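Asker: need a 3D model of the following:
(chains A, B, C and D)
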Amino acid sequence: MSPINYVYLAALLFTIGAAGVLIRRNAIVVFMCIELMLNAANLTLVAFSRMHGNLDGQIMAFFVMVVAAAEVVVGLAIIVMLYRSRHSASVDDASLMKL
Amino acid sequence: MIGLLVGVPLLGAAVLLLGGRRLDRSGHWLATLLAAVSFVIGAVLFASMLGEDAESRAMHSKLFSWVPVEGFQADMAFQLDQLSMTFVLLITGVGTLIHLYSVGYMEHDPKRRRFFAYLNLFLAAMLLLVLADNFLLLYVGWEGVGLASYLLIGFWQHKPSAATAAKKAFLVNRVGDAGLAIAIFLMFTTFGTFAFAPVLSAAGEASEGKLTAIGLMLLLAACGKSAQVPLQSWLGDAMEGPTPVSALIHAATMVTAGVYLITRSGAIFNGAPDAQLVVVIVGAVTLLFGAIVGCAKDDIKKALAGSTMSQIGYMILAAGLGPIGYAFAIMHLVTHGFFKAGLFLGAGSVMHGMNDEVDMRRYGGLRKHMPVTFVTFGLGYLAIIGFPGLSGFFSKDQIIEAAFGKGGTEGWILGAVTLLGAAITAYYMTRVMLMTFFGEERWRKAPTPSPAEPDVEPAAETRGAYAPPHPHESPKIMTIPMIVLAFGSVFAGGLFKAGESFVGWLEPVTQFEHGHSPVSATAVTAATIVALVLGVGAAYLQYGRKPVPALAPRGSLLTRAARRDLLQDDFNHVVLVSGGTHLTRSLVYVDNKVVDGAVNGTAASFGGLSGRLRRLQNGFARSYAVSMFGGAAVLIAATLLMRAV
Amino acid sequence: MSFPLLTVTAALPAVGAVATAAVPAARRTAAKWLALLVSLATLVLAAVVLIRFDPDGARYQLTESHAWISDFGVRYELGVDGIGAALMALTALLIPFVIGAGWHDADDADDRADEQANRRWRPTQGFFALILAVEAMVLVSFAATDVFLFYIFFEAMLIPMYFLIGGFGDRAHAAGEEEGAKQRSYAAVKFLLYNLAGGLVMLAAVIGLFVVSADSLGQGTFSLPELLKARASGDLTMATSTERWLFLGFFVAFAIKAPLWPLHTWLPNAMGESTAPVAVLITAVVDKVGTFAMLRFCLGLFPEASSWATPVVLGLALVSVLYGALLAVGQRDIKRLVAYASISHFGFIILGVFAMTSQGQGGATLYMVFHGISTAALMLVAGFLISRRGSRLIADYGGVQKVAPVLAGTFLIGGLATLSLPGLAPFVSEFLVLVGTFERYPVAGIIATVGIILAALYVLVLYQRTMTGPIRRPEIEKMPDLKVREVAVVAPLVALLLFLGVFPKPLTEIVNPAVEHTLSDVQKKDPKPQHPVAEHAGSDDKPAGHGGGDHE
Amino acid sequence: MTGMIDVASAGGAPGVHSLWTVAAGAGDKLQAPSIEYGKLSPTLIVLGAAALGVLIDAFAPRRARYGAQLFVALVGLAAAFAAVIGLAASGAGTTEAQIAGMGALAVDGPALFLQGTLLLVGIVGVFTFAERKLEPSAHGSRVDSFAAQPASVPGGEGETQAVKAGWTTTEVFPLLMFAVGGMLLFPAANDLLTLFIALEVFSLPLYLLCALARRRRLLSQEAAVKYFLLGAFSSAFLLFGTALLYGYAGTVSYSGIARVVSGTDAISDPVLAQTAGNDALLLIGGALVVMGLLFKVGAVPFHMWTPDVYQGAPTPVTGFMAAATKVAAFGALLRLLYVVLPGLRWDWRPVMWGVAILTMLAGAIVAITQTDIKRLLAYSSIAHAGFLLAGVIATSKDGISSVLFYLGAYSFVTLGAFAVVTLVRDAGGEATHLSKWAGLGRRSPLLAAVFAVFLLAFAGIPLTSGFAGKFAVFKAAAEGGAGVLVVIGVLASAIAAFFYLRVIVLMFFSEPQADGPSVAVPSVMTTSAIAIGVVVTVVLGVAPQYFLDLAGQAGVFVR
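Answerer: All right, here's what the predicted structure looks like:
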């Protein structure tokens, strides 16, 4: 089966992730959706890497995983902090600043 | 030398104004002295002029180049020819006399120093007007006298009526000045200059249309300054000024400037018959207008003002007749200068004795109390009505003759009008004479408050117990000038008439020619005398025989109209004043609401837009994400679209 | 490279400003004297400029040129033609009077503030420093022959003006202290935004000019002489539409500054709210930059577009003349009245500029100078009057002439100058403008002539209502006449008005050549008088003449 | 669709095969990459200092940390700056410009210019971070504007403990250093991978820094959350775009992609030929990457995080972020558009036009009605992003150098302005509500005057750096045929002028409030930060020529 289909799958995943970010309230879930988008990108990279027959894409995928991990560290720290001060992880509750 | 003529009184004005209080005691004498000096200078120049032969009498003197701008060359330069000379003598002569008179008249006025400063200022401006050798410089004098008259009419500024009258005079004059300005523009575009000599010599070459335009504009100016219809309305109010001012400025000199202007630019009018016709018409209309107004006024000064208007009407009419009339216009101007000044001074003297009462219905039988005044005034009276042998007779007779001399129906009409005018003049002057000096002494009774006369001096009513005035003759310093002027009004005419001396004298400037009158001179004279008799008789019947009512009777429609200057002010008020007020009011509104509103509106609209856009920033991270997502979508779509097209 | 006279002339007040601002709060009077001396020294330098200027010499004299921002093609280029020199002189001349008149305007503004603030907040020093700063910037913009340099100072001068307007108002405000402050800052913001907007439009045009010049000259330049040279030689050509757009960009900015109807509404607010000296600074000095720039830049750089726009501009100018005068008649506030009168006068100036005749433009230049002096005289006296009574409303006065004759007299003279009475300086310029306009556009000339009647109206009405009549109010009973300082401020101005009215020659001689140059830039010649005339030649003007007759 | 499939099947089989063989054959032939340490020294120094900072925080006693951190940070930045100067002097900016780190990083004019600017900004940033005289000293020990114990619950027990103990968050220094390091990489990144990494490297510390405010911690945390989520969201887009571009070109190096885009050399590989034929990949990928960068520069419609984050973050952080992020992001954007996508100019220019116009107008208009000084400056920064975009669109050498100059000028004005904001305080900390600023000019004329200078520079009044920059940018745009953009830009700055004026009016023309804020007397550090701001503003305004030359020489990208 041709690798291009993985690209379509990835696009699908990416869109799902994006949609999740837009509709979910819980910060953690939102964050997970973003991770999903990153991984969609990873999948794309790998797929193209295989199509083009060079390793750049796969190497990049590794980098992205590392970065994602780092992001998780920072992100969770921030979200937990938010949760502790507000007893809620809803991003909509964090709307003191507006206009 | 010529410059001195202007310079001396100007110096006087400057010194008196800047000198401050320390000149309060001596200032008026200084002013009078300087006026006399300028008269002497004038006389000397006159003498030297007589030395020359007729053609080469005109003198020029250029002081410096005034406004030099590429092709527009205005010089500070003077020209003294026979015409100017005539005026110089009149102005300085009468001027000096009136200075003298004012010394007495203004004796108790705290601001006397300033009064004399203004008088000197006026002399300077008036002399500049008649001595200028180009129209722009003339314009300076023209507005200069306007300023002086503004200051003097409004001299008693604490009286609102005076202030208003002054403002009115200046504004109406300004309209005329605009005309003069435009005339100068036209000359400049036509001839590339506005100095007398070149313009007048080249006048023949310009198209008639141009000349007519220039002529009409000059006429407009003349109307303004000489209180001719339709710009006459200011003269009556101008009587708010002290009486010497009325005598000097609003009778003898300034108001005749219009005649000077028209005579001076005769060459232009000669080339523009249409313009001349209009001039004549204006003259004729004003002549009657003024006379009628003069008949209805009870305020002695206003009556005289009306007469001034009408007399100047004569002059303008004469000037409009062209070469056949110029000389007579000037001649009448001079004689009128004498007797009208005399009359005004007389009126002033009467008021002086009647503690500033101006209503003739409160006079009567004053001849016993102030004989000198009575005699001088009487001589002036005889002169103005054209009593045979007195100066008025000669000068006016000449004009009537010239009017007939115009020829054709025009001639007849004009002749008739002038005769009619003569009759009316006789009527209203007799009226003044009788009401003032003859009949019962109405001033002994307390006045009955009169709603009819709104602008009557409040002084009378306000006093609780009425103390009748004690009419007395004025001091020498006032009577002497009156006497001198009386002499003038008696003999000047004959002097000028003798052997056409005056006409001959002016000829080089105004190139005189004889009109071909359909009626003989004697017939005209006879007609004049008849008119005179009729007028006097009518007046005698009305005011000599039966007593004068202390309150003005309601009178006929015409009378009532005449009392209100033939409704001219009402017209002005309705059309100009209230119309203008509404215009300005509405414009102010427009400026605030529309023009400025547009500006503020734009600002406000941005504010509103801002307020609305602000709401998008609703604080929800997810909606921010939406906008990002949408943005990305649009970005992609747009890029693809770009490639597609 | 001789002695940089112009730079020094402009730099002196700038230095003075800094020095004045640095004077400690306690030494208020010292600051005033310092400012006055500096302004007088500047006046001397400006006089030197005027003397050193040779009417028969090159077009731009006393030139200086240094590289500045070569990336933008900007050079520090100074140089004056007759017009510039005259206006520099005017500026330097007026500032001492402004300072003298405003001697106490900025005092005891901080009595309310606490001691702490008293040390830091120094309104007096600030006031005079700002005035000097404005002077410096105005001088540079009159001397700049580099478009960009001019633009920079044209814009920069807004800032000190802004603080002068917003920071220092009349002590007693008709609408009360609080409301007064509000209106003041409104006026200040309006002034700044209005002019800034215009300036930014001009910025776009300036950039456009650079691009155009870069296109056709290889590398862009802002140097006016170079541009004019290139224009004349045809090296620098613009597409008609481009030229028109650029012209508009420049013109709008200048028309706002001038101000021309309908862009005038900021002026009455600004002049009404600011103190009289500042109002003088606005209308007599700063606004002149606008009309000056029209003459120097719009006509010089965009001749074709200028003549294209002339009809519209003349129309607007005429509207300004009449509209300003009529609104002046309708005002109830002395300062606003003067403001609208100024609008009317700026109408005349612009009329003269765009009449494209040597009389018109020469007259316009003289007009700028004389209007500066006459308005200064009128406005400063008005300021003295207002400071005595503490009200700007005409209705609050009447009969002043009785108690303060000198004040009334000078006020009247100022007024007469404003209605350009012959014998006073403004008459010469106004008459020249009218003649110049009439030469080419008779109808316009006649319509404008109506303006002089209206001028008489608003001046005399103002004088009558304030000075004459019976005294109705006790405040006026004990109103003192002019003090020595005030006389010292007004007398020289009056003297100048009289002198220049009789002997304007020195000025005209300096101005004429510059005007001729400008006219040659726009390839315009004075219409020849039809003398000796052929019969039909005059016919075209005949209706105009009659129209005038009907009009009166 | 079908076409795609047989593309894949056609290219698939051999592709698969080749892949295995490569791996099998060359497994042991992996050679170490060659790194030009000299060329990369600035970045390395900063990152090294950052790492050192972490160690210090880990092991040094609490008392010693502040001094040590400050020392390390300043020395590190200064050394890096010196290195940049050295490189520039050795001509690395102009003639010697080259690609370093196996194509990962470019060392050329723009890179060095921006790195220099960033390092200076960093130094000034450190000054403001290290300011300890503004906050009232807690229990005898001086504290800065960062939370004593960020992990603790606001107002909770832990916090009071920490405050009593007088703790301070010295971690901010290494965080700042890491951010600077990432920013140094960002404009120099020469392939999409490095771009992404650099983005994350400087973003993550910023997320954290935003959360560390000592006062108003809820706002601070909220800012952090918003910034983090939206930032991650956008970087996901960027990454996906990267993937697509990789798919299009088969490589992530700028030059490689550019080569394929321009289609200069014939493509032998059939698969590549197929993908390279598919412009959708290229356009969508490019758009997504650009969008990621536009998010960082705060362009409409990706700007909405800006006001909230600027308002919530500790003011020193806001200042640093506002200045540095813009510099780095615009650097990257320039390189991307000029090096990778010049071939697509006609595709992206119109789109960027739209973005620029929207950004200028929206920023200016919304700012009119702001009531919080920090939010106001945030919107102003959006408007300025719009002006900068106008320069970017010029697509000419002048465009590059004008943007560089503008960035230099702008960043210092911003730093100075926010530094002033830190000084105006009342009981509740900084008094950021505009009403509090009323009559500031009466209370402390000098400070007000300084702030006025900054505002005028923002407004682009002549004789300030703001005007020179704006003029440069607009001039470039006009020469690039974007006259309309210039006119709109002019209009926008007219609108913008209004709200800058509002603040000036407030400070000078309105009476001070009774309970108005007091102006804290800062230490030498904030003072010098502000002073530097003023000096740069005036110098670049009055005599910009030297710096324009600098930017002009630096205005060439190496390919």
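
Asker: ok, C:A19 to C:R27 distance?
Answerer: Remark: distance between C:A19 and C:R27 (CB to CB, to the nearest Å) = 12 Å. To be clear about C-beta, it is placed using only N, CA and C from the backbone, and glycine gets the same treatment.

Asker: I meant B:K593, not that one.
Answerer: Taking CB to CB, one finds B:K593 at 48 Å from C:R27.

Asker: looking at those two, which is more packed in?
Answerer: The neighbour comparison of B:K593 against C:R27 (other CB atoms under 10 Å in any protein chain shown) goes to C:R27, with 14 against 11.

Asker: can you tell me the SS state at the more buried one?
Answerer: At C:R27 the chain is in helix, as set by DSSP: H, G, I helix; E, B strand; the rest coil.

Asker: what about it, distance to chain B?
Answerer: Here the criterion is CB to the nearest CB, to the nearest Å. By it, C:R27 lies 37 Å from chain B.

Asker: ok, D:I488 next?
Answerer: As judged by CB to the nearest CB, D:I488 and chain B stand 14 Å apart.

Asker: what mean pLDDT does the helix or strand where D:P110 lies have?
Answerer: Under the criterion of DSSP states H and E, D:P110 resides in helix D:109-130. Helix D:109-130 shows a mean pLDDT of 93.

Asker: swap in stretch B:176-192?
Answerer: pLDDT averaged over stretch B:176-192 gives 90.

Asker: off-centre distance for it?
Answerer: Distance of stretch B:176-192 from the chain centroid (CA atoms, centre = their mean, to the nearest Å) equals 21 Å.

Asker: tell me the SS of the residue of chain A found nearest chain B?
Answerer: Going by CB to the nearest CB, chain B is nearest to A:K98 of chain A, at 3.0 Å. Assigned by three-state DSSP, the conformation of A:K98 is coil.

Asker: scan the chain for its longest helix.
Answerer: Picked chain A for this. What stands out as the longest helix in chain A, according to DSSP state H, is helix A:56-86.

Asker: that's the wrong chain, I wanted chain D
Answerer: Under DSSP H, chain D gives helix D:217-249 as its longest helix.

Asker: contact partners of the next helix or strand after it?
Answerer: Counting by DSSP H and E, the next helix or strand C-terminal to helix D:217-249 is helix D:254-262. For helix D:254-262, the surrounding residues in contact (CB atoms under 8 Å, 6 or more residues apart in numbering or on different chains) are D:99, D:103, D:106, D:190-192, D:245, D:248-251, D:265, D:267, D:272, D:276, D:282, D:335-336, D:339-344, D:559.

Asker: recalculate using a threshold of 7 Å.
Answerer: Applying CB atoms under 7 Å, 6 or more residues apart in numbering or on different chains, the contact partners of helix D:254-262 are D:190-191, D:245, D:249, D:251, D:265, D:276, D:282, D:339-341, D:343-344, D:559.

Asker: dump the residue contacts of C:V80.
Answerer: Shown in contact with C:V80 (CB under 7 Å, 6+ apart): C:6, C:49, C:53, C:60-62, C:88, C:143.

Asker: return the subset of those lying in strands.
Answerer: The members of those that map onto strands under DSSP state E are C:61-62.

Asker: between the contacts of C:V80, which is nearest chain A?
Answerer: Set against chain A, the nearest of the contacts of C:V80 by CB to the nearest CB is C:A143 (48.7 Å).

Asker: quick check: the closest one touching C:G84?
Answerer: Yes - if you go by CB atoms under 7 Å, C:A143 and C:G84 touch, sitting 6.0 Å apart.

Asker: how near is C:A404 to D:T169?
Answerer: Note on C:A404: its distance to D:T169, by CB to CB, is 72 Å.

Asker: likewise for B:A486?
Answerer: Applying CB to CB, the value for B:A486 to D:T169 is 113 Å.

Asker: go on, D:F295?
Answerer: Counting by CB to CB, the separation of D:F295 from D:T169 is 27 Å.

Asker: those two: who's more crowded?
Answerer: D:F295 (27 against 24).

Asker: got the angle for whichever strand or helix holds the more buried one vs helix D:217-249?
Answerer: According to DSSP H and E, D:F295 maps onto helix D:279-297. Relative orientation of helix D:279-297 versus helix D:217-249 (axes from the mean of the first three to the mean of the last three CA atoms, to 10 degrees): 160 degrees.

Asker: what's next to the helix or strand that helix D:279-297 is followed by, contact-wise?
Answerer: Next helix or strand after helix D:279-297 toward the C-terminus (DSSP H and E): helix D:305-312. Contact with helix D:305-312 is made by A:97, B:617, B:624, D:210, D:219-220, D:222-223, D:226-227, D:230, D:298, D:318, D:322, D:372, D:374-375, D:377-379, D:381-382, as judged by CB under 7 Å, 6+ apart.

Asker: pLDDT weak spots in the chain?
Answerer: With no chain named, the answer covers chain A. Filtered on pLDDT under 70, chain A yields the residue ranges A:1.

Asker: wrong chain, I was asking about chain D
Answerer: For chain D, the stretches with pLDDT under 70 are D:1-30, D:138.

Asker: how many residues are close by the nearest residue to D:G298 once chain neighbours are set aside?
Answerer: Leaving aside its chain neighbours, D:G298 sits nearest to D:T306 (4.4 Å; criterion: CB to CB, 6 or more residues apart in numbering or on different chains). Neighbour count of D:T306, defined by other CB under 10 Å: 28.
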